[in-house]
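Visitor: Below are the sequence and a predicted model for it; my questions follow.
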Amino acid sequence: MPDAIGHCGATSPLRDNAWTETLGLWLGPRKTTAYIALGSNMGDRVAEIERACNEMDRRGINVKRTSSLWETEPMYVTDQDRFVNGACEVETELEPLALLDQLQAIEKEMGRKKVIDKGPRNIDLDILLYGDERVDHERLKVPHIGILEREFVLRPLAELIPAKSLDPSKPWKLIQDHLNELPLGEPLSSMTPLSPSSSPLTPLARKRKTHIMGILNLTPDSFSDGGVHAQDGIAQTVIDMVRDGTSIIDVGGQSTAPGRPEVSADEEASRVVPAVQLIRSIPEARDVVISVDTYRASVAEQAIASGADMINDVSAGVLDADMLPTVARLDRTICLMHMRGTPQTMTELTSYPDGLIPTVASELLSRVAAAEAAGIRRWRIVLDPGIG
């Protein structure tokens with residue numbers, strides 16, 4: 001009987017033979033890069049997907065990178081809520097069927113109950129690709145059998161590996177090509193969650209909500225309005241902001257204007273944390289997103305514990321090595337701003353021999369890579385080119 005698992009379109013012997021076992025003892029466990037589809041259309045969809053990613057990490061299925069998240073209409077069974085879909089790149093020592101077993105165990109542990117095929121589900125984890133292997137088993141087909149007809153699968157995958165071929169016999173046919181050939185439909189939009197009570201950022205949606213950010217500076221030497229928002233007037237300031245249409249309030253406890261002196265982390269936290277707690281106590285601001293403008297991980301963690309939703313780091317994680325791992329651990333959204341040097345030196349670092357925009361883009365991209373390496377999911381990243 002032919003082997004169920006082939007390599008590059010051809011059959012290959014099972015890996016559990018004596019030669020492979022001996023080689024494995026010499027070289028250690030073999031690590032394979034695989035791609036997993038993520039989906040949910042029940043409950044807090046983003047939270048369910050993030051819980052699944054965290055559980056994969058906990059089980060030794062190392063999530064290396066993720067795509068954006070995309071909100072999509074249901075296919076096949078259309079009488080159900082919209083899905084949130086994405087994909088992740090993982091590194092695993094598990095064989096394909098063992099990986100499938102672990103993913104299904106995660107689904108079961110998270111309470112998934114399959115009532116009807118392709119029906120509503122709180123979490124859906126599918127193996128899209130497993131290295132360059134082709135798997136033909138009664139329990140598993142790799143590449144995934146429906147991959148070519150589903151934009152909600154191809155689009156996230158194209159974010160991660162656009163130049164990869166799905167068919168070894170057609171190496172010129174890339175994932176991006178398959179995506180480009182899909183019939184035109186209503187454009188999808190990526191989504192960036194801000195808080196459970198707020199609508200996400202959907203930059204590509206035609207009828208998207210415009211979020212307005214209000215700045216609440218708690219410093220006497222702020223770049224724009226230092227000393228205006230004294231502690232005893234914060235509540236009224238917040239209420240006025242909300243009435244004027246503000247949906248995000250950015251709280252800052254230290255000036256990052258060029259040349260301003262640093263304050264200690266304790267002093268910064270003593271300004272920020274009470275303000276966050278106060279905003280959270282105001283009924284008119286119950287749905288507002290609270291962002292905290294800080295480059296210190298300790299301040300960020302205290303602020304989030306007090307009710308903040310996201311972090312706005314002017315250094316994109318450069319000035320505090322603990323910032324990116326902290327945000328990753330807390331599953332929060334972070335705005336990464338482009339800045340060279342420190343607030344004290346940035347005005348001197350103005351050489352852009354390769355051009356301003358290409359250089360800013362390249363340097364921001366390196367910070368995205370650092371954030372992903374720290375464990376921050378791509379859908380939790382907002383970019384700020386640092387102009388103004």
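Guide: Sure thing, it's come through. Predicted model only: the values in this text are computed from it and were never measured.
Visitor: all helices for the protein, in order.
Guide: Remark: helices assigned in the chain by DSSP state H are 18-27, 45-58, 96-109, 151-160, 175-180, 234-243, 265-281, 297-305, 323-330, 356-373.
Visitor: hmm, who's touching the fifth one?
Guide: Outside helix 175-180, the residues within contact range by C-beta atoms under 8 Å, 6 or more residues apart in numbering are 148, 151, 154-155, 157-158, 161-166. Yep, even glycine has a C-beta here, placed from its N, CA and C like the rest.
Visitor: mind listing what the closest residue in space to Ala163 that isn't next to it in sequence touches?
Guide: When the adjacent residues along the chain are set aside, Ala163 lies closest to Leu174, with 5.4 Å between them (C-beta to C-beta, 6 or more residues apart in numbering). If you count contacts by C-beta under 8 Å, 6+ apart, Leu174 has them with 162-165.
Visitor: and the residues you listed as TSV, adding neighbour count?
Guide: Converted to TSV, the contacts of Leu174 look like this (neighbours: other C-beta atoms under 10 Å):
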residue	neighbour count
Pro162	13
Ala163	9
Lys164	15
Ser165	16
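Visitor: I'd like the residues you listed written out as a markdown table, with distance to Gly252 and pLDDT added.
Guide: Below are those laid out as a markdown table (distance: C-beta to C-beta, whole Å; pLDDT from 0 to 100):
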| residue | distance to Gly252 | pLDDT |
| --- | --- | --- |
| Pro162 | 38 | 96 |
| Ala163 | 41 | 95 |
| Lys164 | 43 | 94 |
| Ser165 | 48 | 92 |
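Visitor: Between the residues you listed, which sits nearest Val63?
Guide: When the contacts of Leu174 are ranked by distance to Val63 (C-beta to C-beta), Lys164 comes first, at 18.3 Å.
Visitor: Now do the closest one against Thr359, distance only.
Guide: 29 Å (C-beta to C-beta, to the nearest Å).
Visitor: same thing with Ala52?
Guide: Ala52 sits 37 Å away from Thr359, taking C-beta to C-beta as the criterion.
Visitor: The two: which has the busier surroundings?
Guide: Neighbours were counted for Ala52 and for Thr359 using other C-beta atoms under 10 Å; Ala52 has more, 26 against 15.
Visitor: which residues touch the more buried one?
Guide: With C-beta under 8 Å, 6+ apart as the criterion, the residues that contact Ala52 are 38, 106-107, 110, 123, 125.
Visitor: same thing but 10 Å
Guide: With contact set as C-beta atoms under 10 Å, 6 or more residues apart in numbering, Ala52 has these partners: 36, 38-40, 63, 88, 103, 106-107, 109-110, 112, 122-125.
Visitor: Just the buried subset of those, please.
Guide: Neighbour counting by 16 or more other C-beta atoms under 10 Å classes 36, 38-40, 63, 88, 103, 106-107, 110, 112, 122-125 among the contacts of Ala52 as buried.
Visitor: Tell me the one among the residues you listed nearest to Thr347.
Guide: Looking at the buried ones among the contacts of Ala52 and their distance to Thr347, the nearest is Val63, at 38.7 Å (C-beta to C-beta).
Visitor: The closest one pairs with what?
Guide: On the basis of DSSP bridges, Val63 takes part in beta bridges with Val90.
Visitor: any idea how far it is from Asp81?
Guide: Separation of Val63 from Asp81 (C-beta to C-beta) stands at 25 Å.
Visitor: min pLDDT across the contacts of Ala52, which one?
Guide: For those, the model is least confident at Arg112; its pLDDT is 84.
Visitor: My read is that Val238 contacts Ile282, right?
Guide: Yes: when contacts are counted by C-beta atoms under 10 Å, Val238 is listed as touching Ile282 (5.7 Å).
Visitor: where are the low-confidence patches of this structure?
Guide: Regions of the chain meeting the criterion pLDDT under 70 cover residues 1-28, 79, 115, 119, 221-232, 257-259, 349, 388.
Visitor: Got the domain ranges for it?
Guide: 5-191, 213-384 (automatic domain parsing).
Visitor: out of those domains, which comes closest to Ser197?
Guide: Taking C-beta to C-beta as the measure, the domains of the chain were each checked against Ser197, and domain 213-384 came out nearest at 4.7 Å.
Visitor: Quick one: distance of the closest one to the chain centre.
Guide: In terms of C-alpha atoms, centre = their mean, to the nearest Å, the centre of domain 213-384 is found 18 Å from the chain centre.
Visitor: That domain spans what distance, first to last residue?
Guide: 13 Å (C-alpha to C-alpha, to the nearest Å).
Visitor: so what's Thr72 closest to, chain neighbours aside?
Guide: If you skip the residues right next to it in sequence, Thr72 has Phe152 as its closest partner in space, 4.2 Å away by C-beta to C-beta, 6+ apart.
Visitor: doesn't Asn85 make contact with the one you found?
Guide: Yes: taking contact to mean C-beta under 10 Å, the distance of 4.1 Å between Phe152 and Asn85 places them in contact.
Visitor: so what sits against both of these two?
Guide: Each of 37, 39, 70-72, 188 lies in contact with both Phe152 and Asn85 under the rule C-beta under 10 Å, 6+ apart.
Visitor: Out of those, the closest to Arg271 would be?
Guide: Here the nearest of these to Arg271, counting by C-beta to C-beta, is Glu71; it sits at 36.9 Å.
Visitor: burial count for that closest one?
Guide: Using other C-beta under 10 Å, the number of residues around Glu71 comes to 18.
Visitor: Quickly note the distance from it to Thr192.
Guide: In this structure, Glu71 and Thr192 are separated by 11 Å, where distance is defined by C-beta to C-beta.
Visitor: Mutual contacts of these two, please.
Guide: Shared contacts of Glu71 and Thr192 (C-beta under 10 Å, 6+ apart): 200, 202.
Visitor: So which of Phe152 and Asn85 has more stuff around it?
Guide: Neighbours of Phe152 and Asn85, each counted by other C-beta under 10 Å, are more numerous for Asn85; the result is 26 against 21.
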